[in-house]
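Q: Here is the input, now give the coordinates:
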Amino acid sequence: MLLDLDLTDRRVVAVGGGPVTARRVAAFLEDGARVTVIAPQVCPQVAAHVAVGAVEHAARAWDGPADLEGACLVHTATGVPAVDTAVRRAAAALGIWAIDATDAAASPVHVPARGVVPVSGGRLSVAVHAGGHPRRAVAARDLAVAALTRAAADGRLAPAGSRSLDRHSVTARRSA
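A: From the prediction side, this is the model:
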């Protein structure tokens with residue numbers, strides 16, 4: 001099941017500071033989340049968000065369930081399986097959804113590959129879930145975005161009726 005979560009002004013905790021975390025942090029920020037990264041060190045992309053005050057950085061190792069207090073979502077990608085498992089289990093015990101980027105089979109949440117298609121009057125978000133196979137999801141997302149971008153450019157993708165474009169009002173038109 002694909003869900004669209006409204007993370008606006010909600011706390012999201014990311015444990016780990018590498019490139020996988022950086023991609024997720026960028027997405028969480030786009031979605032309006034208040035993000036805290038817990039990691040002794042962070043990669044340059046995360047550091048850039050910290051430098052401008054967009055992300056809070058706890059420059060230390062994960063210290064236990066108290067680190068997750070107030071979070072609605074947790075992402076873990078430390079590269080240390082025992083730590084990622086402990087974070088995932090602590091989140092579950094607290095009733096918080098957790099994304100374990102290092103163990104898709106054990107993770108209760110999977111993030112789809114996302115893309116955006118510019119369309120007349122707005123944008124269309126595309127999400128593809130491939131059952132825990134991220135490379136397959138990315139390939140399918142890229143194909144979908146390319147096809148929808150061509151359709152939008154050809155005028156075959158337009159707002160339904162006279163309503164303004166929103167994420168619920170798009171129809172595909174067949175070309176003659």
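Q: what's the neighbour count on V35?
A: Using other C-beta atoms under 10 Å, V35 has 28 other residues around it. Placement of C-beta: from N, CA and C, glycine included.
Q: what's the longest helix in the protein?
A: In the chain, assigned by DSSP state H, the helix with the most residues is helix 134-153.
Q: Just the CA coordinates for stretch 131-142, please, in PDB.
A: Below are the C-alpha coordinates for stretch 131-142, written out as PDB (Å, rounded to 0.1, in the frame of the first residue of the first chain):
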ATOM      1  CA  GLY A 131       8.200  -4.900  -3.000                       C
ATOM      2  CA  GLY A 132      11.500  -4.000  -1.300                       C
ATOM      3  CA  HIS A 133      13.500  -3.900  -4.600                       C
ATOM      4  CA  PRO A 134      14.700  -0.300  -4.700                       C
ATOM      5  CA  ARG A 135      16.600  -0.600  -8.000                       C
ATOM      6  CA  ARG A 136      13.600  -2.000  -9.700                       C
ATOM      7  CA  ALA A 137      11.400   0.800  -8.200                       C
ATOM      8  CA  VAL A 138      13.900   3.500  -9.400                       C
ATOM      9  CA  ALA A 139      13.900   2.000 -12.900                       C
ATOM     10  CA  ALA A 140      10.100   1.900 -13.000                       C
ATOM     11  CA  ARG A 141       9.800   5.400 -11.600                       C
ATOM     12  CA  ASP A 142      12.200   6.700 -14.300                       C
END
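Q: ok now that stretch, how far from the chain's centre?
A: Computed by C-alpha atoms, centre = their mean, to the nearest Å, the chain-centroid distance of stretch 131-142 equals 14 Å.
Q: So for it, what gets flagged as buried?
A: Buried residues in stretch 131-142, counted by 16 or more other C-beta atoms under 10 Å: A137, V138, A140, R141.
Q: what pLDDT does the third one get?
A: This points to A140. Looking at A140, its pLDDT is 95.
Q: Report the spatially closest residue to it, excluding sequence-adjacent ones.
A: What sits nearest to A140 in space, not counting adjacent residues and going by C-beta to C-beta, 6 or more residues apart in numbering, is V128, at 4.5 Å.
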